[in-house]
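Engineer: below is the sequence, then the predicted model.
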Amino acid sequence: MNNEFTFTINSISFDENYLPAENTRITTNFANLARGERRQENLRNTLQMINNRFNELAHWDNPKSDRYSVELEIISVELNLDAEKSTKGLPLIEILKTNIVDHKTNERTEGIVGNNFSSYVRDYDFSVLLLEHNKQKNHFSTPENYGELHGKLFKSFINSNTYQENFKKQPVICLSVSSSRTYERTENQHPVLGVEYIQDEYSLTDEYFNKMGLQVRYFMPANSVAPLAFYFAGNLLADYTNLELISTISTMSAFQKIYRPEIYNANSVAGKIYQPSLQHQDYSLTRIVYDREERSRLAVEQGKFVEEHFIKPYQTILNHWAANCAL
């Protein structure tokens, strides 16, 4: 493996006092919630939703449903193009890390790293490269080697000393199911993850994450209305404790209710055969203000920014590294 790239990790707490750093991706969902007049109310309500959901799922030895709370850290990863770090690192991805506080035992334990996933290169791939590639075409297709660079950068980070020194387990990323696919409920049921769904064909996102070394399974936890997509590298059902899994479910189900209310805050539960739809009208809104139109617009602007400041200036270095990378 080529080792000319190294990584730097920065961490900031995501709490009701969170303010996005100047170099935070403007399309990051946390940054969207932390802007405007209702920023602190947004953050406080989001964290309360997460804690309520955690205690609902971790119901054993928890008679008042108040035993646990979740602390969140935003993990920002910078890519250093030379081992000596003589130049400033380039912002690469942002993920979330959960930490679980047990108020009965006064213990604080690590949860799961991953959860939400934001990536500069993914913004470029989906919001610039893919759109340009399909602009003049009658049928949808992906460019040659689509997602290969991003996948290798991600795997390089996960295999790096930096990752191993900071995190004990492989990441789990939890996203919305795709509105372009149909899911079928199975008889398989996990005590925490809930009922498993399967689909016949991967979505574009599933294929993209597969190039990152992550496989996917779809589960609908108890008292949910739609399955979540869990992307993982090892054994999702065996590698993590119940509380670790609950920390991811509670965090990401709360975010999805805010970001995708048509799917995750629908007033009806997914059936045996389920196709998600953002055109679904029978849903409820949370009390949290989230500007989805702004986020879509900013994703394009961010993608073009990445193209100008990362992809084009370093294209030769990146292409050489990717061609010689054994990941």
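Structural biologist: Okay, I see it. Residues are numbered from 1 along each chain as shown.
Engineer: what about the stretch 151-300 of the chain, any weak spots by pLDDT?
Structural biologist: When residues are selected by pLDDT under 70, those of the stretch 151-300 of the chain lie in 289-296.
Engineer: mind listing the helices for the stretch 201-327 of the chain?
Structural biologist: For the stretch 201-327 of the chain, applying DSSP state H, counting those that start in this stretch gives helices covering 204-210, 242-259, 261-264, 292-306, 315-324.
Engineer: now for the strand or helix carrying Ile9, which elements pack on it?
Structural biologist: Using DSSP states H and E, Ile9 sits in strand 6-14. Helices and strands touching strand 6-14, by 3 or more C-beta pairs under 8 Å, 6 or more residues apart in numbering; DSSP states H and E, are strand 68-80, strand 90-102, helix 161-166. Just so you know, the C-beta spots here come from the backbone N, C-alpha and C atoms, and that holds for glycine as well.
Engineer: in the second one, what's buried?
Structural biologist: Within strand 90-102, the residues scored as buried using 16 or more other C-beta atoms under 10 Å are 90-102.
Engineer: give me the sheet partners of it and which way each runs.
Structural biologist: strand 68-80 (antiparallel), strand 107-119 (antiparallel) (DSSP bridges).
Engineer: dump those into JSON lines; add mean neighbour count, mean pLDDT and distance to Gln279 as well.
Structural biologist: Shown next, in JSON lines, are the strands paired with strand 90-102 (neighbours: other C-beta atoms under 10 Å; pLDDT from 0 to 100; distance: least, C-beta to C-beta, whole Å):
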{"stretch": "strand 68-80", "mean neighbour count": "20", "mean pLDDT": "93", "distance to Gln279": "31"}
{"stretch": "strand 107-119", "mean neighbour count": "20", "mean pLDDT": "94", "distance to Gln279": "24"}
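Engineer: redo those strands as CSV? Include distance to Phe140.
Structural biologist: Compiled in CSV, those are given as follows (distance: least, C-beta to C-beta, whole Å):
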stretch, distance to Phe140
strand 68-80, 30
strand 107-119, 22
